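Peer 1: 3D, please:
(one chain, ligands or ions: 2)
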Amino acid sequence: MKVLVIGGGAREHALCRSLSLDPDVSALYCAPGNAGIAEVAELRPVDALDGGAVAALATELGAGLVVVGPEAPLVAGVADAVRAAGIPVFGPSAEAAQLEGSKAFAKDVMAAAGVPTARSYVCTTPEEVDEALDAFGAPYVVKDDGLAAGKGVVVTDDLAAARAHALACDRVVIEEYLDGPEVSLFAITDGVTVVPLQPAQDFKRALDGDEGPNTGGMGAYSPLPWADPKLVDEVMELVLQPTVDELRRRGTPFSGLLYAGLAITGRGTRVIEFNARFGDPETQVVLARLRTPLAGVLLGAAKGTLDAVPPLVWREDAAVTVVIASHNYPETPRTGDPIEGLAEVAAEDGPDAYVLHAGTRREGDAVVSAGGRVLSVTATGSDLAQAREKAYKAVARVRLDGSQHRTDIAAKAAEGR
Ligand code: AMP
Ligand code: GLY
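Peer 2: Ligands and ions are numbered 1, 2, ... in the order given. The predicted model follows:
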């Protein structure tokens, strides 16, 4: 099978890496990709938001499966265009992707499906905003209704800041603050059958100790030794299956990857948000642990035959990924800096540790930074402590002027805290 992956971050590099190791994949393409993906897939230029262009490329390549990585193309209807061209596609329709594209829509689906989530109000006027902020009190949680590339959510004790963010958006969801550790649980679904993956934890803040601004994600690990072993079954029953069933009932079945961002609160597990695609950087650690070849699973979801796919097989290993970000990320990241040390990681640390590329591109013989999050250094080990040690050893070999990374990814979990 020929596979075309759409996107160009470390998530897509992780997807391409897994697909390149799958004996059923005869040719692998990625559009637009990045310098690292170019080592495992053939790159093609494309406007990832243009469904017609993506469908035409998939047709030209003779792709038997298209995998759409990021949310923006999904919300723009790229999966619909590929499906309309008769090509199986992993990723939801634009309508079903509203689960991520509109927080108010997601809340409505959750209410209808009885899925536990924070109590919330959808507000469009300053009066409604003030009433909602007053009703919940601090800490205030204010969410832009639409897609905002990770910048739409403000959690603050500062009433003026909460109000200012709310008034800067057309429509906001204001909700109850959820206290407790966060877990990302992904499920692959064809709209009927739901297959959960292994849970992971993401580190959203820029600095050690969960300080500093929110980011796209600075690292992740899996498994979660501290989590209740029944967590996956519980979330399947209370969240994932009911949500998939509700979207099918509405006539807008969701196929692809359903990402549940969860808070484990004192009063039970609650959904913080849904995403309609693989998470980044959690995918890097989840796929590092998946033994089952990936293409057949994604194709099963794309074709509606997931019930015939054998149960997933996981490695006992733990996985850790550490994001190396550019100077001044997340504010105004500097790009164009040369990256050195990549060959040393490959020669000295492989195959258990490897570098997945996010924002990189080739400039002659050099690889240079081309985005905020630049690399996602990933390692597996017999436990989290060993995976961490291997990941940070590889991180230390990478040289990128002005770069930053967190030093505490999976540290607490590795120590059994
Ligand atoms: P999002 O951009 O939707 O991923 O949200 C960013 C982050 O805001 C989440 O990972 C949480 O840490 C935080 N957050 C969102 N909603 C809540 C909530 N209701 N209570 C506490 N924290 C929240
Ligand atoms: N890791 C958070 C996200 O992918 O949205």
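Peer 1: what sits against the closest residue to ligand 1 within the stretch 251-400 of the chain?
Peer 2: When distances are taken as CB to the nearest ligand atom, the stretch 251-400 of the chain reaches nearest to ligand 1 at residue 273, 3.9 Å away. Quick note: C-beta positions are derived from backbone N, CA and C, even for glycine. Contacts here follow CB atoms under 8 Å, 6 or more residues apart in numbering; on that basis residue 273 touches 100, 103, 106, 261.
Peer 1: isn't the third one right up against residue 274?
Peer 2: Yes: contact status for residue 106 versus residue 274: in contact at 5.1 Å, counting by CB atoms under 8 Å.
Peer 1: shared neighbours, these two?
Peer 2: 99, 100.
Peer 1: follow-up on the earlier one: in the sheet, who's paired with the residue of the stretch 251-400 of the chain closest to ligand 1?
Peer 2: Per DSSP bridges, residues listed as beta-bridge partners of residue 273: residue 261.
Peer 1: if I look at it, how far off is ligand 2?
Peer 2: Counting by CB to the nearest ligand atom, to the nearest Å, the gap from residue 273 to ligand 2 is 8 Å.
Peer 1: ditto for residue 28
Peer 2: Using CB to the nearest ligand atom, one gets 23 Å for the distance from residue 28 to ligand 2.
Peer 1: Quick one: neighbours of that residue, just the number.
Peer 2: Here the number of neighbours of residue 28 (other CB atoms under 10 Å) works out to 22.
Peer 1: pLDDT wise, what is it at?
Peer 2: Note on residue 28: pLDDT of 98.
Peer 1: that's a helix at it, yeah?
Peer 2: No: secondary structure of residue 28 (DSSP: H, G, I helix; E, B strand; the rest coil): strand, not part of a helix.
Peer 1: you'd agree residue 92 is up against residue 276?
Peer 2: Yes: Residue 92 lies in contact with residue 276 (CB under 8 Å); the separation is 5.2 Å.
Peer 1: Identify the residues contacting the spatially closest residue to residue 226 that is not a sequence neighbour.
Peer 2: If you skip the residues right next to it in sequence, residue 226 has residue 413 as its closest partner in space, 6.1 Å away by CB to CB, 6 or more residues apart in numbering. Each residue near residue 413 by CB under 8 Å, 6+ apart is listed here: 201, 221, 224, 225, 226, 384.
Peer 1: and which of the residues you listed is nearest to ligand 1?
Peer 2: Among these, and counting by CB to the nearest ligand atom, the member closest to ligand 1 is residue 201, at 10.6 Å.
Peer 1: How about the helix or strand encompassing that closest one and ligand 1, touching?
Peer 2: Under DSSP states H and E, the secondary-structure element containing residue 201 is strand 201-202. No: against ligand 1, strand 201-202 shows no contacts by CB under 6 Å from any ligand atom, the least distance being 7.4 Å.
Peer 1: re the thing from before, next, the residue nearest to residue 226: phi, psi?
Peer 2: In terms of degrees, to the nearest 10, the main-chain angles of residue 413 are phi -60, psi -40.
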